[in-house]
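Engineer: Sharing a sequence plus its predicted fold:
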Amino acid sequence: MHRPIVVMGVSGAGKTEVGAALAARLGATFKDADDLHPLPNVEKMTAGVPLTDEDRWPWLRLVGSELAAEHPHGIVVACSALKRAYRDAIRAAAPSTRFILLKVDPSVLMERLVQRPGHFMPPSLLTSQLETLEALETAEAGMTLISEGGIEALVDQILTKSSQERLAVPAGTDQNEKMIF
Ligand SMILES: Nc1ncnc2c1ncn2[C@@H]1O[C@H](COP(=O)(O)OP(=O)(O)O)[C@@H](O)[C@H]1O
Ligand SMILES: O=C(O)[C@H](O)[C@@H](O)[C@H](O)[C@H](O)COP(=O)(O)O
């Protein structure tokens, strides 16, 4: 079984679709952290108001609990996890979590959000999402990929990069902590 995985990034980056496709390939459970937001958070975003840290902490606790729970075939969660502190909170609950940051050109993101039907998140919140995003730091286990060019192609890239890491790291050493899955 692989380590818990969070597919992260701003709205429209592809967290939900890539996360679900990755989980399907791994035979793992998939969970969208959007479904864990308390109703007031959803109402706030629907009204075009960015969430604050205080809005996000209770939600991040739910995300951490989900990642830390027993999942016989592993779990992939789609969660924005925009700040380092949010990821630290998730790791405090589920220490071996690996993060996959999906990056996309802002103009492509805006196009995607404008075309996405029936989602509560308005495109007007994209600017604050991009301002809030803190890239994965070197010390954070995971990978950063450009999320354009198709969902399945990206899942291929994730799995290839992960197995390259595994081959590059001798088993049973401290370096194992750097492995992706
Ligand atoms: N890697 C990708 N290549 C091409 N289109 C993508 C990719 N990832 C996502 N998309 C498209 O972008 C839109 C937003 O994806 P979604 O998974 O809902 O993003 P998020 O959950 O991060 O908000 C969808 O229409 C999806 O098909
Ligand atoms: O932390 C946040 O501000 C939210 O979690 C936000 O990042 C998330 O993007 C929304 O829930 C919209 O959902 P999508 O990411 O699926 O657009």
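Structural biologist: Yep, that arrived. Ligands and ions are numbered 1, 2, ... in the order given.

Engineer: tell me the phi and psi of Met121?
Structural biologist: phi -80, psi 110 (degrees, to the nearest 10).

Engineer: How far off centre is stretch 148-164?
Structural biologist: Relative to its chain's centre, stretch 148-164 lies at 15 Å (Cα atoms, centre = their mean, to the nearest Å).

Engineer: and it, is it in reach of ligand 1?
Structural biologist: Yes: using Cβ under 6 Å from any ligand atom, stretch 148-164 comes into contact with ligand 1 via Glu148, Gly149, Gly150, Ile151, Leu154. Where you see a C-beta, it was placed from the backbone N, CA and C, and this is true even at glycine.

Engineer: Okay, now the unreliable bits of this structure?
Structural biologist: 167-180 (pLDDT under 70).

Engineer: what's the burial count for Thr52?
Structural biologist: 10 (other Cβ atoms under 10 Å).

Engineer: by contact count, what packs against the helix ranked longest in the chain?
Structural biologist: Using DSSP state H, we find that the single longest helix of the chain is helix 151-168. Contacts defined by 3 or more Cβ pairs under 8 Å, 6 or more residues apart in numbering; DSSP states H and E place helix 151-168 against helix 15-26, strand 142-146.

Engineer: Comparing the ones you listed, which comes out most buried?
Structural biologist: Across these, the average number of neighbours (mean count of other Cβ atoms under 10 Å) peaks for helix 15-26, which reaches a mean of 20.
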